[in-house]
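Chemist: Following is a predicted model, sequence given first.
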Amino acid sequence: MGGVDYLTLILERKRIEVERRRRHAAARLQPSAAGGSASQLGAASERSASPAAPAGAARAVAALRRVPGELPRVIAEIKRSSPSAGEIRRRERGDVVALANAYVAGGAAAISVLCDGPGFGGSALDVRRAARAVTVPILFKEFVLDEVQLDLAQAVGASLALLIVRALPKQRLHALVRAAYARGLAPVVEAANLEELRSALETDAEIVGINARDLGTFNVDKSAAVRALASVPPERIAVHMSGVHGALDLRDVASGRADAVLIGESLMRAPDPAHKLRELLGL
């Protein structure tokens, strides 16, 4: 018996959001450009991209590479809710800055910020708040379908941008990887299985994530993620995404290929996220 396909529903909504954002972007261009095609608009946007920020792609990649003998680097996530879990942590005034600072104090190498509002309670403004509060790289975690979203990621101070294999046709995935780099962003290409991993490795992305959570069902299979991570070549940064809740989970991930691990829900549910992260890291 089939259940809800969360990713399909999210992408249907995201396409409407993206089209609205593209119309706004086109209205700001010169009349000759505003009447151009989607590809022309993307090309114009890419040509106008500003130079990489100091916390740009190269620094973000370096921050996530695991040091031999140490635990994987942690990407701590700000995620208020999800379609499957419901509310995780209620929004409070100033809490993005407080959470970002707590994550850095707890030992995070980077911070992921959910940007989708209806499904995850986030926003691009949360990325800006986090980027202004701390110096570690910030991941713009969004369902990116178009260059206009990468323009937004760059504008709010992100260093990394998520690209999901399952959400993008092959040509769009490759184009968006190039577009991310053109904006000084390090693309994080997310796969959920070995077939998707092959697609991710065909791109030029230096960072490849394996999500233990199936974005269609939101079920978690950590063992499948570990197996897929083992196939990530050593020259790439391998990120284990989802399914880590305690120190034992982190030790299991550490025994495998992962350079970095993304941890969100367990930190967001903790009364003291910095203490929880230090506990996970054994600090």
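Modeler: Cool, got the structure.
Chemist: do you know how far Gly93 is from Arg129?
Modeler: If you look again at residue 93, you'll see it is Arg, not Gly. As defined by Cβ to Cβ, to the nearest Å, Arg93 lies at a distance of 11 Å from Arg129. All C-beta spots, glycine's among them, are computed from the backbone N, C-alpha and C.
Chemist: more neighbours, the two?
Modeler: Using other Cβ atoms under 10 Å as the criterion, Arg93 and Arg129 rank with Arg129 on top: 22 against 7.
Chemist: roughly how far apart are that one and His174?
Modeler: Applying Cβ to Cβ to Arg129 and His174 gives a distance of 32 Å.
Chemist: so how far is Pro169 from His24?
Modeler: 24 Å.
Chemist: Could you tell me how far Pro169 is located from Leu139?
Modeler: Distance from Pro169 to Leu139, by Cβ to Cβ: 23 Å.
Chemist: neighbour count winner among those two?
Modeler: Between Pro169 and Leu139, counted using other Cβ under 10 Å, Leu139 has the larger neighbour count: 31 against 8.
Chemist: now whichever strand or helix holds Arg59, how far from the chain's geometric center?
Modeler: Per DSSP states H and E, Arg59 falls inside helix 57-64. Centre-to-centre, helix 57-64 and its host chain are 14 Å apart (Cα atoms, centre = their mean, to the nearest Å).
Chemist: hmm, who's touching it?
Modeler: 52, 73, 75, 109-110, 136-137, 159-160, 180-181, 184-186, 206-207, 237, 239, 259-260 (Cβ atoms under 8 Å, 6 or more residues apart in numbering).
Chemist: For the following helix or strand past it, give the mean pLDDT please.
Modeler: Using DSSP H and E, the helix or strand that follows helix 57-64 towards the C-terminus is strand 73-78. Mean pLDDT, strand 73-78: 98.
Chemist: do stretch 92-99 as well
Modeler: Rounded mean pLDDT across stretch 92-99 is 96.
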